[in-house]
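[1] the amino acid sequence is not available; the structure is as follows:
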């Protein structure tokens, strides 16, 4: 992949592979040769179906899953494999995660005060009790909750509020990089927009970088700057989000885009679903690699597929002009 | 709401209450609605709006602390709201009105084979013999797209993928050829590509068997795909009702506007996404006026005082908002709603995947 000189690379994933060994899957490769960069200040979305390996990549970044090959560099420093205690702490502090289900990710028996302060306690990130209180109050305010909520328990909140707590506890660590794993999937439609706006606000105010994991392409179009599509552990396409929507090239991306129901009856009722040809992908798995087919637009392909994809691009360009 | 059509199910002034600890929650607040035979009606609403509770009253499946406290539910000349005994419900539930639930893992019995679970329904409701039931079950498995059904008949649910399990749940629901199929978020737990297949399957089967479908979902994309008619629910009431195109392209209620314009699919890069502020009201307390008023940008004084009636927009389209009163000021819906179709086309058509349609 070409290095973009203008932008600072925050996270660099190089040939990362994650292998699981258990009785059912011997040496099951959940992530295969993943290569991508996340630039400072951008929102990078990783989109795929369940079992595609998107969460596994995230877990490998925060060191919950071991990598069996490749390197993960955060701010130029290798963060996978064996690390010193200080380096581990540095990763844990600077990369925070927001989880899908705020009900499951918060300790039910702990007050909101504790849930949010947990990271501060672990890393001794406060001078004295008053300083800790001030930080918690600030964090609560910043996500639109009130300091008086501190003494409550997670179950006393609605789903949207709980997700705000999840965001507050990530933000209080003042991380540079946040991995949000399906942060809005468990929320109601009218609450989703509130949470997305909140995340965008933090991005602007604090220059945060996000990796946004999702299964729904239509949501990430609005939220992400660039999108990577992952299928069966392999990244099949990476492009800027508008580009990806207007010129989806890889057959899997196309089938995924088409499967997403659009909130428009005329479009939906006219839609004809195309089946995705898995066998074809399997044929190119050995010889293929992620290649730049258009500027900053990468797809997984083998050389013999190139003419076919180039023809498709030409056809789409023609369509666009009309 | 519609006359001289073939009405299969008619709900009149329905109210449902739950006892929660020592308090009473009114989950359904006086809904009247007719379901037209053979149509797909989508009920849209947030969690807690009462959409599942509403349809559970059709099959007597309310939790034990809930009861129909007022109203009538007419089906085949019988008022379902009057049924007290479970033995009576068994003549309706599963046989005439069947339900497909969200999570196929919890609606299937993990220690019984797939085949047995389908045959069981056929034996119970149609009085067939075991061997006849097996034959019918295998036929049904084939209908819902299970390959080599005779081989998979003796397998257990865990051996099936999520999408396949949901196909089995559909097979069980349809085994007795019900007249109404209630689909309660049938695809929420599934991947998008699988979701598309299941939606297609339900549609095809409804054409083949001619059953009426009631689709409960919060996903407006799914609604756009499946529905003939859409009912929007908020705080235990239906607040807007109309043909699918009327709801998507010409909605009248501020809550429907809010739902549509907060869709991330319609968001413009760099602009803040429209968000409905606040949260739905607590149904433990009596709601005064329009339940949506405190969250609405269009609320008027009367909205806090008196509950709006249904105003007629067209013969098929009704909305429960004072904005439609002739005395109300003229307001324009938000821009995102007004040019929804144009926006969606701009997003999808230009050489993109939708160019192929």
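    Everything's here; your move. No experiment lies behind these values; they were computed from the predicted model shown.
[2] what packs against the helix or strand of chain A with the lowest mean pLDDT?
    For chain A, counting by mean pLDDT, DSSP states H and E, helix A:278-284 ranks last in confidence among helices and strands (a mean of 73). When contacts are defined as 3 or more CB pairs under 8 Å, 6 or more residues apart in numbering or on different chains; DSSP states H and E, helix A:278-284 sits against helix A:251-259. (C-beta placed from N, C-alpha, C; glycine too.)
[3] and the helix or strand just after the helix it packs on, how far from the chain's centre?
    Following helix A:251-259 in sequence order, the next helix or strand is helix A:265-270 (DSSP states H and E). Helix A:265-270 sits 30 Å away from the centroid of its parent chain (CA atoms, centre = their mean, to the nearest Å).
[4] and the helix or strand containing residue A:92, what's buried?
    Per DSSP H and E: residue A:92 is located in helix A:85-94. Of all the residues in helix A:85-94, those buried under the rule 16 or more other CB atoms under 10 Å in any protein chain shown are A:90, A:91, A:92, A:93, A:94.
[5] immediately after that helix, which helix or strand?
    Per DSSP H and E, the first helix or strand lying C-terminal to helix A:85-94 is strand A:95-98.
[6] can you list contacts of that following strand?
    A:58, A:61-62, A:74, A:119, A:163, A:166-167, A:170-171, A:173, A:175-181, A:183 (CB atoms under 8 Å, 6 or more residues apart in numbering or on different chains).
[7] what's the average pLDDT for the next helix or strand after it?
    Using DSSP H and E, the helix or strand that follows strand A:95-98 towards the C-terminus is helix A:102-105. The pLDDT scores in helix A:102-105 average 81.
[8] before we move on, what about stretch B:134-141?
    The predicted model assigns stretch B:134-141 a mean pLDDT of 94.
[9] element containing residue A:168, please.
    Assessed by DSSP H and E, residue A:168 sits inside helix A:159-171.
[10] leaving out chain neighbours, which residue sits closest to the residue in chain A that chain B sits nearest to?
    Closest contact between chain A and chain B, by CB to the nearest CB, is at residue A:261 (2.9 Å). Closest residue to residue A:261 apart from its sequence neighbours, by CB to CB, 6 or more residues apart in numbering or on different chains: residue B:221 at 2.9 Å.
[11] wait, that neighbour touches residue A:271, no?
    No: judged on CB atoms under 8 Å, residue B:221 makes no contact with residue A:271 at a distance of 10.7 Å.
[12] now do the buried residues in the helix or strand where residue A:317 lies.
    Per DSSP H and E: residue A:317 is located in helix A:306-321. Across helix A:306-321, burial judged by 16+ other CB under 10 Å covers A:309, A:312, A:316.
[13] just the angle between that helix and helix A:251-259, please?
    30 degrees (axes from the mean of the first three to the mean of the last three CA atoms, to 10 degrees).
[14] tell me how many other residues surround residue 218.
    Picking chain A for this. Other residues within reach of residue A:218, judged by other CB atoms under 10 Å in any protein chain shown, total 22.
[15] my question was about chain B
    Residue B:218: 21 neighbours (other CB under 10 Å).
[16] likewise the one 10 residues further on?
    A total of 16 residues lie near residue B:228 under the criterion other CB under 10 Å.
[17] nearest spatial neighbour of it, skipping sequence neighbours?
    Leaving aside its sequence neighbours, residue B:228 sits nearest to residue B:39 (CB to CB, 6+ apart; 4.5 Å).
[18] return the distance of the one you found relative to residue B:260.
    Computed as CB to CB, to the nearest Å, the residue B:39 to residue B:260 distance reads 22 Å.
[19] who's more crowded, the two?
    residue B:260 (24 against 17).
[20] I'd like the distance between residue B:24 and residue B:166.
    35 Å.
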